[in-house]
Each structure stands twice: as C-alpha cells, then as structure tokens.
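> build me a model:
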Amino acid sequence: ENFDAKPASLLCIDNCDHQKETASSASQVAKRLNLDKYMKFIRADAFEISSSFEKESCDMLWCDFGVGSRIDEFVKSTWETIRPGGFLVLHSTLTNKRTRDWLECTREGKDESVTGLPLGEFQEISLLEPIKHYQNSISIFQRRPKGRYEEPLYSEYA
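Here you go, the predicted structure:
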C-alpha cells in the first residue's frame, strides 16, 4: 500500500506577538530537518483568517494561542479544515481556567453550539506536563466524522 498517497500536512498559525515567541523560527527548523514540504506556517491572527482555510486541507492543526472564551468559535470555524482521522491540537487546555471550562464541556458531551465540535465526531486525550506551572498541557482531538473514517486493518494477530 502507498502510505504517502496523500501527502501529510501541518498548518501552523501564529501572530508572533508573545514576547518570548519561538513560532517564527518553525519554518527554518522544518527546512533544516527536510520537513518543510509537510508544513505551512502563516504569521497571522488565526481568528481573522480561519474562514479562508480549505476544507479537509490539513492532517494536523496546532493551536498555540490564547483564545480563552472564544475557543468554541475558533474550533467551529476550523474543524472541517482537518481531514478525517486528522488532529486538532490545542495548547494550555488543562491548567488555564477558560480553556479548561471549554474542555470540560467537550468531555461532558455538550452540544456543538457550546463547544464548536459536532457530537460523536471526535475523540479527545489531554496530556499534562506536571513539572511546569504554565503552558504545560495539550489536548488532542481526532476528527472522526460518522461513517467517513475508520483506521485500516493491516493484520489479524498482534
């Protein structure tokens, strides 16, 4: 089977306004690692450009920004940008009050009008880095549209 039939795609968006930002160097690092063909970096406000994203155009959308109480709005506007089976990765979701409130709503199965995520069309896992006090977690949401995504089976026995 051709595992690279659909080229992988990582879309990174950052306005680079944080005083200690490192995102602006991501493209250079990807180029040094010969991974730049898989990544697109856009220096912009994610809210301002989210409506221009092409449907199912990326495998992973990494959100390293503080959207706080507007996270549902951003997720709703970008969810279909992610290919079925792809990932939305959100930074600082466990120990930030506003993003944690949103995360708990997704875990409780609240409606799309509250979370921005279609019910039953995602799986979530969150990871905490307990040695840090700030910017110490991520939540990963896999897009699993009903009837449109299933992992392939490659073997019968483990």
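
> alpha carbons only for contacts and neighbour counts from here, please
Will do.

> per-residue confidence at E56?
With respect to pLDDT, E56 scores 92.

> chain neighbours aside, what residue packs nearest to G120?
In space, and not counting its chain neighbours, G120 is closest to K146: 7.5 Å by CA to CA, 6 or more residues apart in numbering.

> report pLDDT for R43.
pLDDT at R43 comes out at 83.

> check the one 4 residues further on too.
In this prediction, F47 carries a pLDDT score of 79.

> just the residues contacting the strand or helix carrying it, thanks.
Assigned by DSSP states H and E, F47 belongs to helix 46-49. Residues from elsewhere that reach helix 46-49 (CA atoms under 8 Å, 6 or more residues apart in numbering): I13, D14, N15, F74.

> give me the phi and psi for the last one.
Put plainly, it is F74. With angles defined as degrees, to the nearest 10, F74 sits at phi -70, psi -50.

> my read: it touches F53, true?
No. Using CA atoms under 8 Å, F74 is not in contact with F53, being 11.9 Å away.

> so which residues of this protein form helices?
26-32, 46-49, 71-78, 97-107, 112-115 (DSSP state H).

> starting at the chain centroid, how far to the first one?
The reference is to helix 26-32. From the chain centre to the centre of helix 26-32 is a distance of 20 Å (CA atoms, centre = their mean, to the nearest Å).

> other SSEs contacting that helix?
Where contact means 3 or more CA pairs under 8 Å, 6 or more residues apart in numbering; DSSP states H and E, helix 26-32 is packed against strand 39-43.

> quick one: residues contacting the closest residue to I13 other than its chain neighbours.
Excluding its sequence neighbours, the residue lying closest to I13 (CA to CA, 6+ apart) is I42, at 4.8 Å. Residues near I42 by CA under 8 Å, 6+ apart: L11, C12, I13, D14.

> run a quick neighbour tally on the first one.
The reference is to L11. The local packing of L11 (other CA atoms under 10 Å) involves 19 other residues.

> pLDDT score for it?
pLDDT, L11: 75.

> that one against L61, yeah?
Yes. At 5.4 Å, L11 counts as touching L61 under the criterion of CA under 8 Å.
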